[in-house]
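Undergrad: Provided below for reference: sequence and predicted model.
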Amino acid sequence: MQDGDCAKKYLLFLYRTGKLETVFHNIKRLGGFFVEKGGVQSLDRAFQLLELLCKSPDGMAIHQLSELTGLHKSTVHRLLNTMMERGYVRREAETAIYHAGMRICELSDYIQQSLDVVALAREPMERLSRKTGETVHLVERDENEIVYIYKVESLHGAIRMVSRIGMRRPLYCTGMGKAILATCSDEEVLQHWNEVEHVSYTANTIVRTEAFLREIRHIRQCGYALDNEENELGVRCVAAAIPDWQGRVSHALSISAPLSRMTDERLRSLVPELLATRNEIAACLGGRTT
């Protein structure tokens, strides 16, 4: 990574975490790195300004943008005016604070509509299945259920999962469903729990409220969910939720295998590969993971 890239990432990190004073203190030392070499300089500068405005819910004044980018105020003003004409930036008349414009939302809607989750996830899922030798699932939430929308079968063909594309299962008794629910607020989790019938599909299905809430808290701490034969006897899985570009979670990914191959040690060993693939798919959707 170039020094300029490191400086830029450092300044943006400080800005995102609210440490504006630290940013301003260091800007004179690091700001020179913000001028990119090659390409169209004015276009690069405009994108710098636009990215800062998109990440600032309260908007920013010209002097703040100038200090953060190292650009002269007149240059910032000229670029902002050009973007205002196109609807990418708007200005509050009373405060002279600039915000990202609605044109960004319009374009993001077009981009989101063009995203095919299965198409984006197919190759990473197939790589994950080849690497682990196990079945990999992708699901989408539909109210209180998950729907299987893609599946890569295990290389061990002797034992096949009963899951199939289009199959529906409740959120509460599957690893992927629990992973999705764990990203919701406590109020949303309780609302879901109170809306559904709690059927014991196996002896391991969690049907008691306190036990389920404890499970959700554990998933939040771990960053992934387990299905210990809660949906299907003889099958265990490890799952992770996939955030999209708006931070919403409607999809989840899992690795599933028969109990004979899915020991506790094996489950733990699969987590890094699962999370790496989840992160790759999330990045394609514009989502951020922690």
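TA: Structure's in. What do you need? Numbering: from 1, shown residues only.

Undergrad: from here on, just use CA atoms for contacts and neighbour counts.
TA: Will do.

Undergrad: following the chain past the lowest-mean-pLDDT helix or strand in the chain, name the next helix or strand.
TA: Lowest on mean pLDDT, DSSP states H and E among the helices and strands of the chain sits helix 20-30, with a mean of 46. As assigned by DSSP states H and E, the chain's next helix or strand after helix 20-30 is helix 41-54.

Undergrad: now do that next one: everything it contacts.
TA: For helix 41-54, contacts defined as Cα atoms under 8 Å, 6 or more residues apart in numbering pick out 35-36, 59-60, 65, 69, 76, 79-80, 83, 88-89, 98-100.

Undergrad: and what of stretch 273-287?
TA: With contacts defined as Cα under 8 Å, 6+ apart, stretch 273-287 is touched by 115, 117, 120-121, 124-125, 128, 238-247, 253-255, 288-289.

Undergrad: neighbours of H72, how many?
TA: Counted with other Cα atoms under 10 Å, residues neighbouring H72 total 13.

Undergrad: give me the element the closest residue in space to it that isn't next to it in sequence is part of.
TA: Closest residue to H72 apart from its sequence neighbours, by Cα to Cα, 6 or more residues apart in numbering: S66 at 5.9 Å. Assigned by DSSP H and E, S66 belongs to helix 62-69.

Undergrad: show me what that helix is packed against.
TA: Counting contacts by 3 or more Cα pairs under 8 Å, 6 or more residues apart in numbering; DSSP states H and E, helix 62-69 is packed against helix 20-30, helix 41-54, helix 73-85.

Undergrad: nearest to V196, out of the ones you listed?
TA: helix 41-54 (38.6 Å; Cα to Cα).

Undergrad: I'd like the mean pLDDT over the closest one, please.
TA: Averaging pLDDT along helix 41-54 yields 87.

Undergrad: mind checking how far E85 is from R103?
TA: Separation of E85 from R103 (Cα to Cα, to the nearest Å): 11 Å.

Undergrad: mind listing the helices in the stretch 151-290 of the chain by residue range?
TA: Counting by DSSP state H, counting those that start in this stretch, the stretch 151-290 of the chain has helices at residues 175-181, 186-195, 209-222, 264-284.

Undergrad: what would these look like in JSON lines with mean pLDDT, mean neighbour count and distance to V136?
TA: Shown next, in JSON lines, are the helices of the stretch 151-290 of the chain (pLDDT from 0 to 100; neighbours: other Cα atoms under 10 Å; distance: least, Cα to Cα, whole Å):
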{"stretch": "helix 175-181", "mean pLDDT": "95", "mean neighbour count": "29", "distance to V136": "11"}
{"stretch": "helix 186-195", "mean pLDDT": "92", "mean neighbour count": "14", "distance to V136": "26"}
{"stretch": "helix 209-222", "mean pLDDT": "94", "mean neighbour count": "15", "distance to V136": "19"}
{"stretch": "helix 264-284", "mean pLDDT": "92", "mean neighbour count": "17", "distance to V136": "9"}
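
Undergrad: could you dump those into a markdown table with distance to E145 added?
TA: Listed next are the helices of the stretch 151-290 of the chain as a markdown table, based on distance: least, Cα to Cα, whole Å:
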| stretch | distance to E145 |
| --- | --- |
| helix 175-181 | 7 |
| helix 186-195 | 10 |
| helix 209-222 | 16 |
| helix 264-284 | 20 |
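
Undergrad: now do the buried residues in the helix holding S66.
TA: In terms of neighbour count (16 or more other Cα atoms under 10 Å), helix 62-69 has its buried residues at I62, L65, S66, E67, L68, T69.
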